[in-house]
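Student: Curious how this folds, go ahead:
(chains A and B)
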Amino acid sequence: MAPRYQNRIELLQGTLDLLILQTLQWGPRHGYGISQAIRANSGEILQVDTGSLYPALHRLERQKWIAADWKLSENKQRVRVYRLTARGKKQLLSERSRWEQLSDAIAGVLSPARRGGQA
Amino acid sequence: MKFPWQRDRKQQELEQELQSHLRMAASDRMGRGESPSDAAQSARREFGNVELVQQVTSDQWGWRWLEELLQDLRYGARMLRKNPGFTFVAVLTLALGIGANTAIFSVVYTVLVKTLPYPQTDRLVMLYEDVRLPNYQNERNEPSPGNFYDWAKQSTLFANTAAYRNRSWNLSGEGEPIRVEGELVTSEFFATLQIQPTLGRVFAVEENQPGNSHVVVISDGLLQSRFGSNPQVLGQKILLDGESHTIVGVMPPGFHFPDPDDQLWVPMGMSPAELGNRGSHFLLVFARLQPGITLTRAQAELNSLAKHLTELYPATNTGQTVNIVSLQEDIAGPVRPTLLVVMAAAGLILLIVCANVANLLLGRASVRRREIAVRLALGAGQSRIAWQLLTESVLLALLGCASGLLLARWCVAGLKLLAASILPRAQEFSLNAPVLIFSLALSLFAGIVFGVGPALQATRGSVQETLKSGTRESPAGSRLRMRSLLVILETALGAVVVIGAGLLLRSFLRIEHVPLGFEPQGVLTFRVIPRGERYAQLAQRVTFYQQVLERIQAQPGVKSAAAVSFIPLTLARGSKGFTIEGHMPTAPGQIPMAGYDVVTPLYFATMHIHLLQGRDLSWSDAPQTQPVVMINEVMAKTYWPNQDPLGKHIRQGGPDDSEFPWLTITGIVADAREFDPVTAARPTMYFPVTQFADPGGILRDWAVRTNDDPRTLAANVRAAVWDVDKDLPVTRIRTMEEVRSMSVLSPRLNLLLFGLFAALALVLASVGIYGVTAYSVAQRTREIGIRIALGATRNEVARLVLRQGACLATVGVLLGLIGAFALTRLMASMIYGVSAADPLTFFTVAFLLAFVALAACYIPARRAMRVDPIIALRYE
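Tutor: Numbering: from 1, shown residues only, chains lettered A, B, ... in the order given. Presented below is the predicted three-dimensional model:
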């Protein structure tokens, strides 16, 4: 659909989707809130680029993993708040397990000794 | 999936969402102690390009393609507006191609595809006798009443069966007498069609008995024209051929069967004796199949029925089976080959048009190369640009479609008039929904066909090269190659169409010069049929003929006048079996047959049909004098080879029909073409009206020869008829020349259509050749300049250019000749007296195209000759 920007999104895709879904697991949030949460929870290491965040949010919304509503924030501003849907919860579970497999696998490759006895 | 009209709102929401992000980020920063302006600025810096984020995000919504399409359409429209000359030529060319195809398709669709306007038409079938005798074959022979009766009675697979025959009546009473066309029908006629009257009723079974049949059902058209739409018309009596008939029903508006001209339907009223007649074949029989019965099954049943009838009645039914044809096929079948050939020719024209527009697009691509290169350099994808160019060509095609439809509207109106008497259902031709859909689909197809090549071509090649090298060079070579191929294709297709037109022209000229056996110039014809009680007896009719002819002959300028059963070059004709005195009795079903006409004296003199031997008929050949007959030359040669037929005796009917008197042959006349100019004369007998008492021998057509323009006599002959009987309508007042030209309407229409196609093809081919040659001269300016600088003469330069054009034309024409050789045989049924591979036509067309091609190269050649080497070399 968007050949010109695919590369940039794909770099973070999957990972960013997982992070967004996981963040919304703790409750509905707006876009800025999500980026702040990811930043805070990663110990200021992960800084989500807005040029990736918003396309990802809108794509997840189209896939019906998250839904959005306009609400008033604490300081009476109209903000678009995202929440996890039932399908999104399922997706989060499967993405999590995939991620765990992947990170185990990468960890295994990086330090084979830890696997113990096989080498 | 969102729709474009929701797009703006969604974009606004997205903008708000991003703005709220910015505000929150700024207020967080202010909370950390930054000044408001610093906070806003750094929040924005951290955020990045808001517009870009907005665009990438909205890309996720999934209707980007639509947005791009709209963008492309807007851009395309702007480009077309900016080049009005190009747009005009391309749209005009496309309009001609698409308009022609749409108009022809509306005819093809109406005649070949559209279902007839009767309920469950697929169950309606025509029943014919299929006659295969040594001396007569006809798979659509009109059934005899006896056969109709037996088929209807004994077949089990038909829901209804009915017969009809065309008739015309003199409708008199109030107002001017008129002649109305209609049908004599059997009682199940309307039940078979399953059509109800809007007023009153249709015929009851007992009204089909002789004596009860003085009732009539009229058309809505007649109700309006003659009775002022008065619904009180039911029960009213009208005079048909002087006999009173009661109107019992009115059919719905638009209803007609079988003929659009039919205005009334009258019961046939056949007596049991008439229904037993197996010797005369004059009915048309149709039936409605029971639900679920196939044609094959019905055909099988009728075959065994026919076999049985042949055993029962060997004298009349030998060599005879039944042919069952669906009504739709009965109407479409005879014209299908011609219509498909014309449709194919129109299709070739559209291909030529596509090649031409593709050529124009390629020509323009060289102008747009920089524009495209700049867009590529700015990051547009190649496929994106190709799509954009394709959108542009589809837009062109749609514009062509819109203007083509305007053109098609006129063409359809014209075809309706021209084809009214030669194609069935002409009154139904229109630009209806299926035709419009066809036209639209065809335009999209055309847009893609002519757009794909140039679009791919334009996006090939490297950006740097184009931008660096100014405006010329590089893919120009491959572009020229593509354009040359297109021109060859165009010329080849054009050659096929022009050869088709050439064959039709040759054939038409042949038809125009066929010796007809009579001279149509200077003859006025009209129709007056003396029917009704006043003319029940032969003597009454003869008196009428004589009185009218005397009055006409007394008019100034009239050389002679006569009446005949049917004038030549009309399709209604009868034939009769006859027996030659002294010949052996013939095998069943093999009695000799001959066409016949009943004539007054001076008929041959009036038509200028030469009397070869013997004498003309005379008013003194009376019922009580010796019965006589005249025959034509082919009859004399067929039945009395190497003998003198004069004085020989023949009589009507078979060897056993002794109720007919022996007739003495008193004269032999030259053969005259009867049906149309291309059908050779059959053996024909001419009976003197004075001795022909059978009411079937009533004279209908009249002919008057004059020294002046025959049209000037029209008022006088009408007055002469009304002087004798003012209740008889005088119709079909035409010169014999008009009758002749109507008999060749069909080849004339074919020629007209092909002629237009051919003219279009020639123009397009020459435009194509001109365009390519001019393009190549422009590309080669520098080369030509060098040649001239190195001492080439202007003539050599011109020859260089002409050679290129001639090369394209030669290859194109050769391919065209091969194509035409393969294709023109499909036209076999449309041409007369010329072979489908007529060498003269092929050669002439080849030379014509070669000439056109060279003429098209003339201007570019002149331009090449005028190239100034100094300017050409400085130019780069």
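
Student: Pull the contacting residues for B:Tyr596.
Tutor: Contact analysis of B:Tyr596 by C-beta atoms under 8 Å, 6 or more residues apart in numbering or on different chains lists B:Ser565, B:Gly574, B:Ser575, B:Lys576, B:Thr684, B:Met685, B:Tyr686, B:Phe687. (C-beta placed from N, C-alpha, C; glycine too.)

Student: Could you measure from the last one over to B:Val599?
Tutor: Note on B:Phe687: its distance to B:Val599, by C-beta to C-beta, to the nearest Å, is 7 Å.

Student: who's more crowded, these two?
Tutor: For B:Phe687 versus B:Val599, the count of surrounding residues by other C-beta atoms under 10 Å in any protein chain shown is larger for B:Val599: 26 against 23.

Student: Can you report how many residues neighbour the residue of the stretch 451-600 of chain B found nearest chain A?
Tutor: Using C-beta to the nearest C-beta, the single residue of the stretch 451-600 of chain B nearest to chain A is B:Thr459, 15.1 Å away. By other C-beta under 10 Å, 22 other residues sit near B:Thr459.

Student: CA-only coordinates of stretch B:198-215, as CSV, when you get a sec.
Tutor: Written as CSV, here are the backbone C-alpha positions of stretch B:198-215 (Å, rounded to 0.1, in the frame of the first residue of the first chain):
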residue,chain,number,x,y,z
THR,B,198,-55.8,-3.9,-24.3
LEU,B,199,-59.4,-3.5,-25.4
GLY,B,200,-62.0,-6.1,-26.2
ARG,B,201,-61.0,-9.7,-27.1
VAL,B,202,-59.2,-11.8,-29.7
PHE,B,203,-60.8,-14.3,-32.0
ALA,B,204,-63.0,-17.2,-30.8
VAL,B,205,-62.5,-20.6,-32.4
GLU,B,206,-65.8,-20.5,-34.3
GLU,B,207,-64.8,-17.2,-35.9
ASN,B,208,-62.2,-19.1,-37.8
GLN,B,209,-65.0,-20.8,-39.8
PRO,B,210,-65.7,-19.4,-43.2
GLY,B,211,-68.7,-17.0,-43.0
ASN,B,212,-68.1,-16.2,-39.3
SER,B,213,-64.8,-14.4,-40.0
HIS,B,214,-66.0,-10.9,-40.5
VAL,B,215,-64.3,-9.6,-37.3
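
Student: Quick one: low-confidence residue ranges for chain A.
Tutor: A:1-14, A:113-119 (pLDDT under 70).

Student: in it, which spans are helices?
Tutor: Listed in chain order, the helices of chain A (DSSP state H) span A:6-12, A:15-25, A:31-41, A:50-62, A:86-110.

Student: would you list the ones you listed in a markdown table and tack on mean neighbour count and distance to chain B?
Tutor: Formatted as a markdown table, the helices of chain A follow (neighbours: other C-beta atoms under 10 Å in any protein chain shown; distance: least, C-beta to the nearest C-beta, whole Å):
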| stretch | mean neighbour count | distance to chain B |
| --- | --- | --- |
| helix A:6-12 | 13 | 8 |
| helix A:15-25 | 20 | 12 |
| helix A:31-41 | 19 | 4 |
| helix A:50-62 | 22 | 4 |
| helix A:86-110 | 13 | 16 |
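
Student: nearest to B:Pro515, of the ones you listed?
Tutor: helix A:6-12 (80.8 Å; C-beta to C-beta).

Student: hey, which helix or strand in chain B has the poorest pLDDT?
Tutor: When each helix and strand of chain B is scored by mean pLDDT, DSSP states H and E, helix B:463-468 comes last, with a mean of 54.

Student: The helix or strand following that one: how far from the chain's middle?
Tutor: The C-terminal neighbour of helix B:463-468 among helices and strands, as given by DSSP states H and E, is helix B:476-512. Distance of helix B:476-512 from its chain centroid, counting by C-alpha atoms, centre = their mean, to the nearest Å, is 22 Å.
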